[in-house]
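K.L.:
coords please:
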Amino acid sequence: MFSKKELQSLVASGNIKKVLDVLITNIDSIDDSNLRNSILIIVARFNKLQLEKNDNTIHYSEYEVEYNKLLAAIINTINKIKDKELPVKALSKPSDRSVIKILNTVIRKNPIILGFSAIVVVALLLFYYNKPQKIFTELNDGNEVRYLTLPNKVDIILYPYSRLTYPLKECDPYLVKMEGEVKFDIPDMNDIDFYVLSENLIFTTTGAKFKIKSNPRDSVIEIFVNKGIVELKEEHHKNDLLARVQKSERLMYLKSSKKIIKTNLSLEFRQTKLSVALSIIEKRFNINISTTPLS
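P.N.:
A predicted model of the protein is given here:
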């Protein structure tokens, strides 16, 4: 049986991963809901910090400050756990589904935890549990489009000067990170969520065909859906669902104002003169169409 002193010793020796394994695996045995929330927050912060370190997006001195804050938070949390709630042992690595089951009660009652939406918490936790999860970054630095198929049979078109980071094995949920312009063709995944993280936005679907344009230098993030439904969430915003984009709809997210512009691009003509139809198309899509008479 782990005592508080033993858990604290693990923290002091730098074995944070094992301590968090113990706490998360046994989170449903802790009576205090605030304490359960604290554990979720710590795990989410820990994984976010590790991701920033791996991506070299955080300065070493800032990393050290945040890491020491986490150590203090973990010690403080351990001190608040009742002796009867201390786990007998750390269980073996749980499946993705069992993690979601363990967290279900806490997240259902507390959909927003310290600025993290429930979906982000789950994604970070699953990323944490799947470690050492092998991920791969596909970079297209050429002038031609690149085609690839992910391990879960999702077809990808990677446009020039774009990148996609994805897990090398199937998992639930399946979280990828992109930059640039990427087209996704996702078959029906039987309730397995597919997440696309781009800048501060998360796109979620269980089956759809869509294209996302997202570049840090641009002022707009854009998505066009050819088939299915894609939900849009903001990673660190308290509003859970920002928008739902359906077939033939285009959504533009203005970064500076966080304004959303959604348009339906589908057109249907019945017994309409060709000249009229072409004029409507030109105005709708802001293009010029030239015609050549048949000889």
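
K.L.:
what comes up buried for stretch 52-68?
P.N.:
Applying a neighbour-count criterion of 16 or more other Cβ atoms under 10 Å, one finds 58, 66 buried in stretch 52-68. Any C-beta I mention is one placed from the backbone N, CA and C, and that applies to glycine too.

K.L.:
pull up the distance across it, start to finish.
P.N.:
Using Cα to Cα, to the nearest Å, one end of stretch 52-68 lies 16 Å from the other.

K.L.:
likewise for stretch 228-246?
P.N.:
Using Cα to Cα, the span of stretch 228-246 from its first residue to its last is 6 Å.

K.L.:
pLDDT on that stretch, on average?
P.N.:
For stretch 228-246, the mean pLDDT works out to 81.

K.L.:
could you list the buried residues of it?
P.N.:
Residues 228-235, 242, 245 are the ones in stretch 228-246 that count as buried (16+ other Cβ under 10 Å).

K.L.:
among those residues, which one sits closest to residue 134?
P.N.:
Proximity of the buried residues of stretch 228-246 to residue 134 was ranked by Cβ to Cβ; the top entry is residue 235 with 23.7 Å.

K.L.:
that closest one touches residue 200, doesn't it?
P.N.:
Yes: Residue 235 lies in contact with residue 200 (Cβ atoms under 8 Å); the separation is 4.8 Å.

K.L.:
can you list the low-confidence ranges for the stretch 51-200 of the chain?
P.N.:
In the predicted model, the stretch 51-200 of the chain carries pLDDT under 70 at residues 83-133, 172, 190.

K.L.:
repeat that for 90
P.N.:
When residues are selected by pLDDT under 90, those of the stretch 51-200 of the chain lie in 51-137, 141-142, 151-153, 166-175, 187-195, 197-200.

K.L.:
that one: strands as residue ranges?
P.N.:
Secondary structure of the stretch 51-200 of the chain, counting by DSSP state E, counting those that start in this stretch: strands at 112-113, 116-117, 135-140, 146-149, 155-158, 162-167, 174-186, 194-198.

K.L.:
show me how far the longest one is from its chain's centre.
P.N.:
Averaging C-alpha coordinates over strand 174-186 and over its chain gives two centres that are 11 Å apart (Cα atoms, centre = their mean, to the nearest Å).

K.L.:
strand 135-140 and that one, what's the angle between them?
P.N.:
Angle of strand 174-186 versus strand 135-140, following axes from the mean of the first three to the mean of the last three Cα atoms, to 10 degrees, is 40 degrees.

K.L.:
can you name every helix or strand that strand 174-186 contacts?
P.N.:
For strand 174-186, the elements it packs on are helix 118-129, strand 155-158, strand 162-167, strand 194-198, strand 208-214, judged by 3 or more Cβ pairs under 8 Å, 6 or more residues apart in numbering; DSSP states H and E.

K.L.:
quick one, domains of this protein?
P.N.:
Using automatic domain parsing, the domain ranges for the chain come out as 4-129, 135-264.

K.L.:
let's have those domains in JSON lines, adding distance to residue 275.
P.N.:
Conversion of the domains of the chain to JSON lines gives the following (distance: least, Cβ to Cβ, whole Å):
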{"stretch": "domain 4-129", "distance to residue 275": "48"}
{"stretch": "domain 135-264", "distance to residue 275": "23"}
